[in-house]
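**Q** okay, sequence plus prediction incoming.
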Amino acid sequence: MPCERKPMRYGHSEGHTDVCFDDAGKYIVTCGSDGDVRIWESLDDDDPKSINVGEKVYSLALKNGKLVTAASNNTVQIHTFPEGDPDGILTRFTTNATHITYNRSGSRVAAGSSDFMVKVVEMYDSSQQKTLRGHTAPILSVTFDPKDEFLASASCDGSVAVWKIEEQTQVTSWPLLQKSNDVINAKSLCRLAWQPKLLAVPVETTVQLYQRDSWAQVGTLSDDLGTQAINVVAWSPCGKFLAAGSIGGLLTVWDVESKLCVERQKHEKGYTVCGLAWHPSGGQIAYTDTEGCLGVLDGLSSSSSSSSTTASSTTTKVSLWSYMKTPASYDDLFDDDDDRPMDEGISEGARSPAKNPGDEDDDDDLIPATGRARNRSAFLDDENSLDTGSLKQGLDKFVDDDDAGSAIVPPAAVAAPLRPVYDGPMPTPPQKAFQPGSTPAHLMHRFMMWNSVGIVRGYNDDQDNAIDVEFHDTAVHHAMHLTNSLGHTVADLSQEAVLLACPGTDELASKLQCLHFSSWDTNKEWMVDLPKGEDVQALCLGQGWAAAATSALILRLFSIGGVQRELFSLPGPVVCIAGHGEQLLVVYHRGTGFDGEQALGVQLLQFGQKRRQVIHGEPLPLSRKSHLSWLGFTAEGTPCFIDSEGVVRLLNRSLGNMWTPVCNTRDNCKGKSDHYWMVGVHENPQQLRCIPCKGSRYPPTLPRPAVAVLPFKLPLCQTTTEKGQMEEQYWRSVLLHNHYGFLSSSGYEIDEEGQSQAQKEQQELLMKMFALSCKLEREFRSVELAELMTQNVVTLAIRYASRSHRMALAQRLSDLALEKANQLQGEEPQEEEEEEPLQYTRRNTGSGLGRSGSAGGQNRVTNVLDSMMSSSKKPTALLSSSGSTGKLNKTPFLKPLAPRPKTKVQHNSVYVRHKSGFQLWLEDNRRIILADNPDLEETDVIKEAIGRFRTLSADDRLTWTERAKGQSGDVADMKKRKRGEEESRGDKNGQSEADETSAKKKKPVDTSAKLSAFAFNKN
């Protein structure tokens, strides 16, 4: 049957076009200079689906449901297929990408650009890229070696080059083409094509064939009727036929083995053919021209097969048995290109039962013209029997001994596979080491670090190889421009220094360089060479120290001045590290993940006077089938991280160092391919500082990206209801204010006003939830909420319950209030805590507080720890007398705290607690209560007194409270006057009594206060 050329269809506007089939051959996909990608179900499809991907589309490729396009905005984009939803940006160039192609498995994409570069990008992780440099003009086309070892490229510089992908080196190059300065001026697009053994290169009006490995020319295909240059070539799925489209519109198909033209068709209008693709079954060829039209050649299977048989000098008929007896023929039958399902790509004619399998004249029909194994589904019924070894070993079970015939045994006679097939979970490629806050290293212009201190940019192009350092607060340091002569690839920035590192080479060792700009001496730079073969993979800066994790599974610590400190081995390959103050966070591979999961472990180390390991290598919880995207600390010093699914997790120290999800950035993204790139996290105010990236996972350096602020939101249930919203707000407030306890226990000054405001908000939320539970008749739930309240708020809850006529609830709340009062019997009253100049520690909460030493703060504080200082455990007098020793212990940014007072007992002194208003009222009214209820015990008397005291008006209660305060003030003034009189007389007994009285006071008198009092009395 002759080949049928179907009438062409208008698809795109005038200009360059490209075409391909999907994996199953169900759709034809085209693109054009109008910026659209159209998906055709067939040539007769009157309403093809259209996807706009840019201003112009130069090339497209489709595999595994991922459509990759080269658009005019200098990007290679990914869309889902056939939905057409954007799925991110695969890579970027400085100019337009001219051609893209998949490898056979669909795991890699190669792209050539007008900036003379070829990039090979991994689909599962676009940051894993290899750049092939060597061409001196724009790239015309690229193609993968079917074995994924080599890549061929054609360029406007006139050369066709072959590259070894892993080594990124050029293997060979042939000067075959006419030179030009741009793709639009090139005489031919020179679309290369590769089958397992041969590379086809269109040169003028011929196609030259080069042998793989030897790179020798082994043949030339030509057609006497072809008078114009060939533009594009494509191999058939079986690898036996080669199709070519020329500038003059001539379509030619050759049988490569016989080198004869088996099919020849002319474009109906003679336009240039610029796109060509074979149907996966081999029965069709789709082609596009420079006028935006789409055409199809149909019926190639029968035509090519019969033409090849007629043209050859032999008339030997091919049978299935002859293919199986001959190893070479067997390899041709099951070529390496067959990676599709068994019954895929079978033409309807081949499936037709009208053929008589016993007829020798139809033996050729057992083998489609594509060379594809229709026979697999014919004599292999077991899906697991797909390996060629089992086929060869069991041929006698499938085929008759008669060489002349090729009768096929029914599926019931098929035996089980001879070797087991693993069908379990597959290992996940381990995540490569990265620096949090940086963009991929393959970019010429990239962010090497963006954090709360500043920005480090790296430039690596033909004009400059440099590093720019910019500070958010210019008061820290002015901007710096550094020449990157060593090729630094990782960096970190703090308020003390800039830390840089470069990988090692065959001649030079890996280097760690530090610019200590906060140093007070003139030598502000130091550098360390790592041992041979050991490269820095991750680094970070802390308060007075630097750390570097290397490829030798070693973590090395340095002082900020360059002194080598401890080093220790890591349990696995490092992923990233982060530092803050005296904390170091390390994430590493603790094993091999499966089914897309990463098996990561985390360690948290605490430096300072008490060195300890807080987290001992526990697994790092990630979202399903995700990887780590960012690791760091909040401005308040709480470890946190974000994974590739956009989930932010914060360390919950109050829950045994567990990780709590606090936000999902994907909830704020508008499109599937949009992401947020993390910059910093703040707990007070509650902010996630991110950069929105449209269609990408990371931002470009120019124009300068804008920072967006996202809110925290815990993933609690039913957050659309009023109850769920208040619960989320309460527990978020509790979680994000845990840092007060950590900072206080570590000896840092804290914002008492912020802490009291947070506690006030939490109690207000509890009271609102209590009221809501009462309205919903949930009294048990109300008591549960009251257990979280303070004693004062429980009093309000009792009043609310009483007014709501819920006496049973009010009685239970009264019992709860009594329990809380008994718990506070050994603590000072809350009213006096607020009045005293120094706050005391409440042991039941475990959060000791110290009042800030300075009233004013800096106008701009990047991190909370930047304006803090670890409190000294020595007395004030010792600090003042230690001289230079005390100065050595200071850090550049943190201020010393005053020593904390003891809570109750200091040496031999006795703690005196003044009476509260309720206690004074009880003393006056105890006799009346006992007269009314003579049988009451002491606890019942207190209960009755609490109930009666609450029945008093607010003014009466306030009067008793003021009376209690006034009484304590009068006593203090009287004792102070008495002490002054005794000191003036010089009476020793009086002096000792004054000392005893002063010891009873809660505020310790330091040395300077004693001296000032002495000077006043003397005068």
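**A** That came in fine, so what should we check first? Numbers count the residues shown, from 1 in each chain.
**Q** nearest residue to the middle of this structure?
**A** residue 629 (2.3 Å; C-alpha atoms, centre = their mean).
**Q** ok, and for stretch 928-935, which residues are buried?
**A** Using 16 or more other C-beta atoms under 10 Å as the test for burial, stretch 928-935 gives residue 929. Yep, even glycine has a C-beta here, placed from its N, CA and C like the rest.
**Q** and what of stretch 478-488?
**A** Across stretch 478-488, burial judged by 16+ other C-beta under 10 Å covers 482, 484, 486, 488.
**Q** can you check the pLDDT for the closest residue to residue 290 other than its chain neighbours?
**A** Once flanking residues are discounted, residue 290 sits nearest to residue 272: 4.6 Å by C-beta to C-beta, 6 or more residues apart in numbering. Confidence at residue 272, expressed as pLDDT, is 92.
**Q** just give the nearest non-adjacent residue to residue 455, would you?
**A** residue 470 (4.7 Å).
**Q** how about the one you found, what does it touch?
**A** Applying C-beta atoms under 8 Å, 6 or more residues apart in numbering, one finds that residue 470 lies in contact with 454, 455, 456, 457, 479.
**Q** by neighbours, which of those wins?
**A** With neighbours taken as other C-beta atoms under 10 Å, the top of these is residue 456, carrying 28 neighbours.
**Q** immediately after the helix or strand that residue falls within, which helix or strand?
**A** Using DSSP states H and E, residue 456 sits within strand 454-460. For strand 454-460, the following helix or strand on the C-terminal side (DSSP H and E) is strand 465-471.
**Q** list the neighbouring strands of that next one plus their orientation.
**A** strand 454-460 (antiparallel), strand 480-483 (antiparallel) (DSSP bridges).
**Q** got a list of contacts for the longest one?
**A** Same thing as strand 454-460. Against strand 454-460 from outside (C-beta under 8 Å, 6+ apart): 444-450, 465-472, 476, 484, 488-489, 491, 493, 498, 701.
**Q** ok so, going back, the residue nearest to the centre of the chain contacts residue 640, correct?
**A** No. With contact defined as C-beta atoms under 8 Å, residue 629 and residue 640 do not form a contacting pair (11.8 Å).
**Q** and the residue lying closest to residue 503 once chain neighbours are set aside, how many neighbours?
**A** Nearest residue to residue 503, sequence neighbours excluded (C-beta to C-beta, 6+ apart): residue 535, at 4.8 Å. As a burial measure, residue 535 scores 19 neighbours (other C-beta under 10 Å).
**Q** next one: the one 4 residues further on
**A** Other residues lying near residue 539 total 25 when counted by other C-beta under 10 Å.
**Q** among the contacts of strand 454-460, the buried ones, what's the ChimeraX command?
**A** A single ChimeraX command is used to select the members of the contacts of strand 454-460 judged buried by 16+ other C-beta under 10 Å:
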select :444,446,447,448,449,450,465,467,468,469,470,471,476,484,488,489,491,493,498,701
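**Q** report the beta-bridge partners for residue 265.
**A** The partner residues for residue 265, given DSSP bridges, come to residue 251.
**Q** for it, give its distance to residue 19.
**A** To residue 19, residue 265 is 16 Å away according to C-beta to C-beta, to the nearest Å.
**Q** these two - which one has more neighbours?
**A** Ranked by neighbour count (other C-beta under 10 Å), residue 265 and residue 19 place residue 19 first, with 25 against 19.
**Q** a strand runs through the more buried one, doesn't it?
**A** Yes. Residue state for residue 19 (DSSP: H, G, I helix; E, B strand; the rest coil) corresponds to a strand.
**Q** what's near enough to touch the nearest residue to it once chain neighbours are set aside?
**A** Spatial nearest neighbour of residue 19, excluding adjacent residues (C-beta to C-beta, 6+ apart): residue 275 at 4.0 Å. With contact set as C-beta under 8 Å, 6+ apart, residue 275 has these partners: 17, 18, 19, 30, 232, 245, 286, 287, 288, 289.
**Q** mind telling me what element the fifth one is part of?
**A** When secondary structure is defined by DSSP H and E, residue 232 falls within strand 230-235.
**Q** name every strand pairing with the next helix or strand after that strand and say which way it goes.
**A** Scanning forward in sequence from strand 230-235 by DSSP H and E, the next helix or strand is strand 241-246. Applying DSSP bridges, strand 241-246 is found paired with strand 230-235 (antiparallel), strand 250-255 (antiparallel).
**Q** just name the most buried of these.
**A** strand 230-235 (a mean of 24; mean count of other C-beta atoms under 10 Å).
**Q** what does that strand rub up against?
**A** Contacts of strand 230-235 (C-beta under 8 Å, 6+ apart): 188-195, 200, 202-207, 241-247, 272-278, 285.
**Q** how far away is residue 168 from residue 513?
**A** Here the criterion is C-beta to C-beta. By it, residue 168 lies 26 Å from residue 513.
**Q** ok, those two, which is more surrounded?
**A** Neighbour totals were compared for residue 168 and residue 513, and residue 513 leads with 17 against 14 (other C-beta under 10 Å).
**Q** my read is that that one contacts residue 491, right?
**A** No. If you go by C-beta under 8 Å, residue 513 and residue 491 don't touch, sitting 9.6 Å apart.
**Q** hey, what's in contact with both of these two?
**A** Joint contacts of residue 513 and residue 491 (C-beta under 8 Å, 6+ apart) are 499, 500, 501.
**Q** can you list which of these are found in strands?
**A** 499, 500, 501 (DSSP state E).
**Q** from those residues, which single one is nearest residue 106?
**A** Closest approach between these and residue 106, by C-beta to C-beta: residue 501, at 35.1 Å.
**Q** just to revisit the earlier point, which one of the contacts of residue 470 is nearest to residue 102?
**A** When those are compared against residue 102 (criterion: C-beta to C-beta), the nearest one is residue 457, at 33.2 Å.
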